[in-house]
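K.L.:
Build me a model from this:
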Amino acid sequence: MSTQATITISTDDRAEVDRNVYGHFLESAFFGNIEGGVFDEGSPLAITGQGALDGCRADVLEACRELGLPVVRWPGGNFTSAYWWRDGTGPRDQRPRRLELAWGSEESNRFGTPEFLAWIEAVRTDSSPTAAYLHHSARSVEDAVRWVEYTNYAGDTEMTGLRASDGHPEPYDVRWWGIGNEVYGPWQMGHRSVERYVEDAREHARFMRQVDPQLRFIACGWEKEQYTQTLIAGLGDQVEAVSLHLYGLDHHLTDPSTAEFEDVVAQPVYFEQTIAEYADEILFAAERAHLESVPSIAMDEWNNRHMQSVELGEPVPASDGGFTPSGTGAVEDRKEVNRHSTRTLADALMYSGVFHAIHRAAGHDVPVSMASAVNLINANGILQVRPDGVLRTPVFHIWHLYQNLFQPLAVRAEVTAPAAWRQVRWGSAHQDPRGYPRATRPAAVSLLDVSASLSHDGRTLTIATINRSATDALTARLDRAGGTLPGTATCHDLGADAEDLFQTNTLSEPESCALRDRGTVTLDEGAYTFPAHSVTLLTFAL
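P.N.:
Model prediction:
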């Protein structure tokens, strides 16, 4: 068979991929994440008679159990900066309704700490444990300490009594805590200099750990050199990880072209370069500070933002999935984020590329130890919730592929393949006032992106391959350094049969873009042809 590429796998170099990189994010008051998503009181699909779970959607819960959620971050995000956790405790009907300052809405507080942690316990399965990741604003040590006391302390105090009255006498043992969200930004209540933040965060960590010494902290990171140097020198010995927030940019709502598809699926190159640069900077700063251990990276916000013309108006969630524009007008004027645009095939390939970047970083002294996509539910989420049911977007199936079918040990994959010279978009933070990309960087983007993994017993090898070409299948020879690969493998793929580069799913057509089980496939003289615009997972028994 004539081949256009080679993929050589070396199983000697192995690095554990932390399961928490397949994590998730829920933000209160954010476009149907909680109310109208996880929590929907009055819906015929909502749970009743189960205490703190009352009002939670049973079908959403089941979809999350089906997928398995390793870690979920809550309550935000921007929402965190002005949030007082006590508002979300006690009898629901007595909780205050507040004007919240992150998104300009009114927060009912009917879904608070007891509801979130009850939901986390309900999502857990024996085969897929779920961890809660609570995020505090770092604006009040007293407030943070009492929140930890409420969730984790086993004694007899006012806070443990409140927890018991909320239906949970035993401690929740929440291990992961965030200290401050994007404090470098003036959009945050509690915006401050990095020097002031380091002082505040050290005090928070010290006294929160007096309540529970087993807490694991994530500090507010920022991929700016001077900020990182000061952060690591002053706080690196107190935290397990520092955060990184990355977003891509997508214009397919106004330009559903092949060129736009190619730009979207190339953006993981930006993610990978940023992760690598940030990891190096953290390591250098830790070495200069003579730290005994180095914090890892928690990419606890990331996604691909779909931009639309402002003339289309605030989108309205459509009953079958996706959205309905509320306005009309020119489509090439100023742009804004569409919070209800569903995930597409292009997103699925883009997300796959980000996972590959995370896998390749696993062997670094500063790996990515956690990642939480924005969002799990609605608001450009993995699942879209509507009154009649739950829609599993194409990205839901990508999570299933890597979280449940991929193996835990990343191994080296060397690829020789056709490439395209592209101007890679450098994140959604770099856009002009009209919403167009302001910054790009030239890069050679391989049309085949490969990540390989091995089981702990060494008997199962998985090779995930993204074909970024919009139009052409690519045939690659697969080899194993120092050995041979079996001539057959089981195969799963997504996108190979898609009729649209931005294919989506709907409630009426839920499997339009989903993972296909192709059964056992045979390699032709050691080669396999990867379909255009697809992700393929080959699983070999060694």
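
K.L.:
can you map out the helices along the stretch 401-542 of the chain?
P.N.:
Under the criterion DSSP state H, counting those that start in this stretch, the stretch 401-542 of the chain carries no helices.

K.L.:
Now do the strands in it.
P.N.:
Assigned by DSSP state E, counting those that start in this stretch, the stretch 401-542 of the chain shows strands spanning 409-416, 419-425, 440-446, 448-454, 460-467, 474-480, 488-494, 516-522, 527-530, 534-541.

K.L.:
buried stuff in the fifth one?
P.N.:
Right, the one you point to is strand 460-467. Under the neighbour-count criterion of 16 or more other CB atoms under 10 Å, strand 460-467 has 461-467 buried. (Each C-beta comes from the backbone N, C-alpha and C, glycine too.)

K.L.:
out of the residues you listed, what pair is the most spread apart?
P.N.:
Maximum pairwise distance in those, criterion CB to CB, is 19.6 Å, between 461 and 467.

K.L.:
I figured residue 92 hits residue 166, correct?
P.N.:
No - checked against CB atoms under 8 Å, the pair residue 92 and residue 166 is beyond contact range at 9.9 Å.

K.L.:
So these two - more neighbours on which side?
P.N.:
Counted by other CB atoms under 10 Å, residue 92 and residue 166 do not tie: residue 166 has more neighbours, with 22 against 19.

K.L.:
If we ignore the residues flanking it in sequence, what's nearest the more buried one?
P.N.:
residue 114 (4.1 Å; CB to CB, 6 or more residues apart in numbering).

K.L.:
count of residues packed around the one you found?
P.N.:
As a burial measure, residue 114 scores 24 neighbours (other CB under 10 Å).

K.L.:
Also residue 542?
P.N.:
Neighbour tally, residue 542, other CB under 10 Å: 15.

K.L.:
Give me the pLDDT for it.
P.N.:
pLDDT recorded at residue 542 is 95.

K.L.:
residues touching it, list them.
P.N.:
Residues counted as contacts of residue 542 (CB atoms under 8 Å, 6 or more residues apart in numbering) are 458-461, 486.

K.L.:
one step back: run through the residues that contact the residue nearest to residue 166.
P.N.:
52, 88-89, 163, 166-168.

K.L.:
what's the span of stretch 442-455 from first residue to last?
P.N.:
36 Å (CA to CA, to the nearest Å).

K.L.:
Please disregard the earlier target; I meant stretch 424-434.
P.N.:
Termini of stretch 424-434 sit 19 Å apart (CA to CA).

K.L.:
which residues sit against that stretch?
P.N.:
246-249, 263, 266-267, 269-270, 274, 305, 333-335, 437-443, 445.

K.L.:
Put the buried members of those residues into a ChimeraX selection.
P.N.:
Burial among the contacts of stretch 424-434 is assessed by 16+ other CB under 10 Å; the matching ChimeraX selection reads:
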select :246,247,248,249,263,266,267,269,270,274,305,335,437,438,440,443,445
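
K.L.:
sorry, back to before: got the strands of the stretch 401-542 of the chain as a markdown table, with distance to residue 319 columns?
P.N.:
Formatted as a markdown table, these follow (distance: least, CB to CB, whole Å):
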| stretch | distance to residue 319 |
| --- | --- |
| strand 409-416 | 41 |
| strand 419-425 | 33 |
| strand 440-446 | 38 |
| strand 448-454 | 36 |
| strand 460-467 | 33 |
| strand 474-480 | 39 |
| strand 488-494 | 25 |
| strand 516-522 | 27 |
| strand 527-530 | 36 |
| strand 534-541 | 29 |
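
K.L.:
I'd assumed residue 262 was in a helix, is it?
P.N.:
Yes - remark: residue 262 belongs to a helix, assigned using DSSP: H, G, I helix; E, B strand; the rest coil.

K.L.:
Let me see the contact set for the residue most central in space within the chain.
P.N.:
A centroid search over the chain (CA atoms, centre = their mean) returns residue 373, at 1.8 Å, as the residue closest to the centre. Residue 373 makes contacts with 23-25, 302-303, 351, 382, 395, as judged by CB under 8 Å, 6+ apart.

K.L.:
try residue 314
P.N.:
For residue 314, the contacting residues are 326-327, by CB under 8 Å, 6+ apart.

K.L.:
what's the spacing between it and residue 501?
P.N.:
Here residue 314 is placed at a distance of 26 Å from residue 501 (CB to CB, to the nearest Å).

K.L.:
ditto for residue 533
P.N.:
For residue 533, the distance to residue 501 - CB to CB - is 6 Å.

K.L.:
Of the two, which one has the most company?
P.N.:
Neighbours per residue (other CB under 10 Å) separate residue 533 from residue 501, with residue 533 holding more: 28 against 23.

K.L.:
Would you check that residue 407 makes contact with residue 464?
P.N.:
No - between residue 407 and residue 464 there is no contact, the gap being 10.1 Å when judged by CB under 8 Å.

K.L.:
Common neighbours of these two, please.
P.N.:
The contact lists of residue 407 and residue 464 share residue 453, where a contact means CB under 8 Å, 6+ apart.

K.L.:
filter the contacts of residue 114 to the buried ones?
P.N.:
Listed as buried from these are 52, 88-89, 163, 166, 168; burial here means 16+ other CB under 10 Å.

K.L.:
Secondary structure class of residue 238, three-state.
P.N.:
Classified using three-state DSSP, residue 238 is coil.

K.L.:
Go ahead and confirm it touches residue 217.
P.N.:
Yes - at 6.6 Å, residue 238 and residue 217 qualify as touching, with contact defined as CB under 8 Å.

K.L.:
what does stretch 153-168 rub up against?
P.N.:
So stretch 153-168 is contacted by 51-52, 89-90, 113-114, 117-118, 146, 149-151, 169-172, 211-212 (CB under 8 Å, 6+ apart).

K.L.:
please redo it, this time with the cut-off set to 6 Å
P.N.:
Stretch 153-168 has contacts (CB atoms under 6 Å, 6 or more residues apart in numbering) with 51-52, 89, 114, 146, 149-150, 171, 211.

K.L.:
Make a markdown table out of the residues you listed and add pLDDT and secondary structure.
P.N.:
As requested, the contacts of stretch 153-168 are exported to a markdown table (pLDDT from 0 to 100; DSSP: H, G, I helix; E, B strand; the rest coil):
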| residue | pLDDT | secondary structure |
| --- | --- | --- |
| 51 | 97 | helix |
| 52 | 98 | helix |
| 89 | 98 | coil |
| 114 | 98 | helix |
| 146 | 98 | helix |
| 149 | 98 | helix |
| 150 | 98 | helix |
| 171 | 98 | coil |
| 211 | 98 | helix |
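
K.L.:
element containing residue 243, please.
P.N.:
If you go by DSSP states H and E, residue 243 is part of strand 241-250.

K.L.:
max-length strand in this structure?
P.N.:
Taking DSSP state E as the criterion, the chain has its longest strand at strand 296-309.

K.L.:
Can you list the strands that that one pairs with?
P.N.:
Partners of strand 296-309 in the sheet, by DSSP bridges, are strand 241-250 (parallel), strand 335-337 (antiparallel), strand 368-373 (parallel).

K.L.:
Out of those, the one nearest residue 361 is which?
P.N.:
strand 368-373 (5.3 Å).

K.L.:
What average pLDDT does that closest one get?
P.N.:
Mean predicted confidence for strand 368-373 is 98.

K.L.:
Other residues contacting the following helix or strand past that strand?
P.N.:
Counting by DSSP H and E, the next helix or strand C-terminal to strand 368-373 is strand 383-386. Strand 383-386 has contacts (CB under 6 Å, 6+ apart) with 37, 60, 63, 319, 321, 342, 377-378, 390-391.

K.L.:
That's all I had, so thanks and see you.
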